[in-house]
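Asker: Here is the input, now give the coordinates:
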Amino acid sequence: MDQTPALTEAVQAAAATHRPLRLVGGGTHEFYGRPVEGKTLSIAGHKGIIDYDPSELVITARAGTRLSEIEAVLMENQQMLAFEPPKFGPAATLGGAVATGLSGPRRPFAGALRDFVLGARILDGRGQALHFGGTVFKNVAGFDAFRLMAGAQGGLGLILDISLRVTPRPRLELALAFDLDSETARLKVIDLMRRPLPVSGAFHDGAQLHLRLSGGDAAVSSTARELGGEPEHLDVWGNLGNLTHPALSEGDCLWRISMAQTRTAPEDWGPVWDWAGGVRWVRQAADAPDLWDAAADLGGHATLFRGSRDKVFQPLAPAVLDLHKRLKAAMDPHGILNPGRLYEGL
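Answerer: Alright, predicted model coming up:
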């Protein structure tokens, strides 16, 4: 159902009165980011797949389209969203996935969500419809503004439609578990990634290393025989991506710290990691500045996934913050679209 006219009218009315809007799709990502004070504008009804040609490996859908619907259609054609967008509930939408920019366990092996965005149609803060990018893999029409929508939390524009590159599903996937401590497992994974092996996931839950193999029958089977380990159900990977795995779902506080997988994390961060060691999941009520400083010292950054929502994202360097403010002013001059969702003043 195309609700572009109604959404346009709502944004234009808010712009005329400088009244902030709180953009909501399925509501499953509400926990991620700072709270927004403003009139709620629902995008959930703006839904439906607009175009999908399996032979072109591209799908275009409206922002309110549920991820489950998109994945079901792709499954019928043995295709998938390789970045594995987390689904924090059945109402999870394409717009919410792109706005938060979150990618699942396959991210270090297949790429981030933003790498798969080919084009976007948005409403800016004036209520003007803008179309960036297209539906081809190589688009040289100008600045890749459509990629800015990934992770912008709706602060640069209300996403109407998104075009994504999709990929074929692997012929075979296997999950294996190994009784290795966290540090030994991290070094093992680094060694494995130096080889052309069909690894598509590497996660340590604090007690075991979990590997996922994806690819052709022969490659996956031979690698599984070489590595050994204990076979396990692939459900562990869905639970990991959706934060329902016991290693992530327990406790009142959960930080995600992105860092180079080759760097050694402080012991008090604990042994739980994903993205082949590139993400540390820390379940402690640590003071935000301390974690931010420690993450920065390792060349990374920390984000609060569960806990107080006052201090969520790592502070930006002054020059980067200034760039964000200039982009916000250009795309949303009245500051009405999800103000403060990322940072105060944006």
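
Asker: Any stretches of the stretch 151-300 of the chain with poor pLDDT?
Answerer: Within the stretch 151-300 of the chain, the ranges that satisfy pLDDT under 70 run 286.

Asker: Which stretches in the stretch 201-346 of the chain count as strands?
Answerer: 209-215, 230-232, 254-258, 272-274, 279-282, 301-306 (DSSP state E, counting those that start in this stretch).

Asker: Reformat those into a markdown table and put mean neighbour count next to each item.
Answerer: C-beta here means a position set from N, CA and C on the backbone, and glycine is covered the same way. As requested, the strands of the stretch 201-346 of the chain are exported to a markdown table (neighbours: other CB atoms under 10 Å):
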| stretch | mean neighbour count |
| --- | --- |
| strand 209-215 | 22 |
| strand 230-232 | 12 |
| strand 254-258 | 20 |
| strand 272-274 | 24 |
| strand 279-282 | 24 |
| strand 301-306 | 20 |
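
Asker: Serialize those strands to a markdown table and add fields for distance to Glu71.
Answerer: Listed next are the strands of the stretch 201-346 of the chain as a markdown table, based on distance: least, CB to CB, whole Å:
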| stretch | distance to Glu71 |
| --- | --- |
| strand 209-215 | 16 |
| strand 230-232 | 22 |
| strand 254-258 | 23 |
| strand 272-274 | 21 |
| strand 279-282 | 23 |
| strand 301-306 | 23 |
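
Asker: Quick one, which of these gets closest to Glu173.
Answerer: strand 209-215 (4.7 Å; CB to CB).

Asker: Can you name the residues in contact with the closest one?
Answerer: 105-106, 170-178, 180, 185, 188-189, 192, 197-204, 220, 223-224, 227, 229, 232, 234, 236-237, 240 (CB atoms under 8 Å, 6 or more residues apart in numbering).

Asker: Quick check: helices, which of those are part of them?
Answerer: Among the contacts of strand 209-215, the residues falling in helices (DSSP state H) are 185, 188-189, 192, 220, 223-224, 227, 236-237, 240.

Asker: For those, give me CSV that also has distance to Pro90.
Answerer: As requested, the ones in helices among the contacts of strand 209-215 are arranged in CSV below (distance: CB to CB, whole Å):
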residue, distance to Pro90
Ala185, 33
Lys188, 36
Val189, 32
Leu192, 35
Val220, 30
Thr223, 34
Ala224, 32
Leu227, 35
Val236, 20
Trp237, 18
Leu240, 18
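
Asker: For Gly345, find the nearest of the strands of the stretch 201-346 of the chain.
Answerer: When the strands of the stretch 201-346 of the chain are compared (using CB to CB), the closest one is strand 301-306, at 18.5 Å.

Asker: Any idea how far that closest one is from the middle of the chain?
Answerer: 13 Å (CA atoms, centre = their mean, to the nearest Å).

Asker: Who are the packing partners of that strand?
Answerer: With contacts taken as 3 or more CB pairs under 8 Å, 6 or more residues apart in numbering; DSSP states H and E, strand 301-306 sits against strand 254-258, helix 288-297.

Asker: the inter-axis angle of it versus strand 254-258?
Answerer: 160 degrees (axes from the mean of the first three to the mean of the last three CA atoms, to 10 degrees).

Asker: quick check: mean pLDDT across strand 301-306?
Answerer: The average pLDDT within strand 301-306 is 92.

Asker: got it, and stretch 97-104?
Answerer: 96.

Asker: Figure out the length between the terminal residues of it.
Answerer: 11 Å (CA to CA, to the nearest Å).

Asker: again with stretch 146-163
Answerer: 10 Å.

Asker: Map the structural domains onto the sequence of this structure.
Answerer: Listed domain ranges for the chain are 4-168, 172-306 (source: automatic domain parsing).

Asker: Using CSV, lay out those together with distance to Met331.
Answerer: Output for the domains of the chain, formatted as CSV (distance: least, CB to CB, whole Å):
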stretch, distance to Met331
domain 4-168, 4
domain 172-306, 23
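
Asker: Relative to Ala329, which of the ones you listed is closest?
Answerer: Taking the domains of the chain one by one with CB to CB, domain 4-168 is closest: 9.3 Å.

Asker: And the ones in helices among the contacts of strand 209-215, which is closest to Thr60?
Answerer: Trp237 (27.1 Å).

Asker: Just give the number of residues close to the closest one.
Answerer: 23 (other CB atoms under 10 Å).

Asker: pretty sure Gln12 contacts Ala129?
Answerer: No - with contact defined as CB atoms under 8 Å, Gln12 does not count as touching Ala129 (10.8 Å).

Asker: if we can go back for a sec, out of the contacts of strand 209-215, which end up buried?
Answerer: For the contacts of strand 209-215, a burial check counting by 16 or more other CB atoms under 10 Å picks out 105-106, 170, 172-178, 180, 185, 188-189, 197-204, 220, 223-224, 227, 229, 232, 236-237, 240.
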